[in-house]
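> no sequence on this one, just coordinates:
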């Protein structure tokens, strides 16, 4: 990691790490004391506490980096956002996607109940991963044999959620990269499916299970498409820390669960059809993925202060390593 990026990020990093560890400790205490007595009371308090941490991330994105998120939807959907339980079916272009949707959740008043289905390794990330586990994120191993039972159990636990929630599921199962797009297109050719640009073929087993488990108490699906204008690169943590602004457009179409058949095959077909339409929405965008060589070097100084700054720098380094993308070879 470039030393200039580390130095520029340290003031915010120190605040984030200190606040985040304090919040993690409070969450752990609440989990051990309040949750056994009342799960919903724990959810309400924990949501308010976690929101403090989430807002720091949003502040980093909007105030520090000056990013811009443009929402495209109809007026009815806009007024209902944050006021109803909803499943968000989104494409996945970067590891900033969750935070992009958090900006919309914060504007809609449901940031403290914005849940996400993510890969299992995410929960081991310092501070954010731990906070997400206490918050109620659903962590999957990307193996249906291992994930099916856990996913269904986690979804059933949302039945008595005390406030309107968003549950974001990235149906592609992974973020878009050149290698994954190529593999997805080769798979489509082998199965005689339509070759798609800008999105991967959705993995529908988890989506089908989500619809079936939530149908009795969730009535709405938001079909979310995140796109990047031609002149802008894919969002990344490194660009954010460098105060390099980026712009994304978020298109949301609202559907009722009643529009989906109860047939698994029909649900899968509906999902795949919506992802074909995402190609139409995103065809005006160029996906530009950046690759970086990360390194850092510190000189001697006060031992205690140096240790603190080193911990912060390592934490920042971990996040960037975890979120960095391979270099894009071609333009779409």
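Structure's in. What do you need? What you see is a predicted model; the values in this text were computed from it and never measured. Residues are numbered from 1 along each chain as shown.
> and residue 221, which of the three is it?
Assigned by DSSP: H, G, I helix; E, B strand; the rest coil, the conformation of residue 221 is strand.
> same thing with residue 107?
helix.
> distance of the residue nearest in space to the middle of the chain from residue 183?
The structure's the chain has its C-alpha centroid closest to residue 98; by C-alpha atoms, centre = their mean the separation is 2.2 Å. In this view, residue 98 and residue 183 are 23 Å apart by C-beta to C-beta, to the nearest Å. No exception for glycine: its C-beta is placed from N, CA and C like everyone else's.
> same thing with residue 49?
40 Å.
> which one's more surrounded, those two?
Taking neighbours as other C-beta atoms under 10 Å, residue 49 and residue 183 compare with residue 49 leading, 19 against 13.
> check which element follows the helix or strand where the residue nearest to the centre of the chain lies along the chain.
Assigned by DSSP states H and E, residue 98 belongs to helix 97-108. Going down the chain from helix 97-108, the next helix or strand is strand 114-119, by DSSP H and E.
> contact partners for residue 140?
The contact partners of residue 140, by C-beta atoms under 8 Å, 6 or more residues apart in numbering, come to 117-120, 147, 150-151, 206.
> I'd like those laid out as TSV, including neighbour count.
TSV is the format used below for the contacts of residue 140 (neighbours: other C-beta atoms under 10 Å):
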residue	neighbour count
117	23
118	19
119	14
120	15
147	20
150	14
151	21
206	21
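> using CSV, please lay out those residues together with pLDDT.
Shown next, in CSV, are the contacts of residue 140 (pLDDT from 0 to 100):
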residue, pLDDT
117, 95
118, 93
119, 91
120, 91
147, 92
150, 94
151, 94
206, 93
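> what's the closest non-adjacent residue to residue 261?
Distances taken as C-beta to C-beta, 6 or more residues apart in numbering place residue 267 nearest to residue 261, at 6.5 Å, with adjacent residues excluded.
> measure that neighbour to residue 142 for me?
20 Å.
> for these two, indicate the residue with more neighbours.
residue 267 (19 against 13).
> and residue 37, how many neighbours does it have?
For residue 37, using other C-beta under 10 Å, the count is 8.
> which element is it on?
Going by DSSP H and E, residue 37 is not in any helix or strand.
> quick one on the thing from earlier: pLDDT (mean, whole number) over the helix holding residue 98?
Per-region confidence: helix 97-108 scores 95 on mean pLDDT.
> coming back round to it: these two touch, right, the residue nearest to the centre of the chain and residue 168?
Yes: when contacts are counted by C-beta atoms under 8 Å, residue 98 is listed as touching residue 168 (6.8 Å).
> what do those two both touch?
Common neighbours of residue 98 and residue 168 (C-beta under 8 Å, 6+ apart) are residue 116.
> give me the phi and psi angles of residue 50.
phi -60, psi -30 (degrees, to the nearest 10).
> what number of residues lie near the residue nearest to it when sequence neighbours are not counted?
With sequence-adjacent residues excluded and distances taken as C-beta to C-beta, 6+ apart, residue 50 is closest to residue 135, at 4.9 Å. Neighbour count of residue 135, defined by other C-beta under 10 Å: 22.
> the longest helix in the protein is where?
helix 3-33 (DSSP state H).
> average pLDDT across that one?
Mean predicted confidence for helix 3-33 is 84.
> determine how far that helix lies from the middle of the whole chain.
Distance of helix 3-33 from the chain centroid (C-alpha atoms, centre = their mean, to the nearest Å) equals 19 Å.
> counting contacts, what elements does that helix pack onto?
helix 39-59, helix 128-135, helix 237-241, helix 303-323 (3 or more C-beta pairs under 8 Å, 6 or more residues apart in numbering; DSSP states H and E).
> at 6 Å instead, please
helix 39-59, helix 128-135, helix 303-323 (3 or more C-beta pairs under 6 Å, 6 or more residues apart in numbering; DSSP states H and E).
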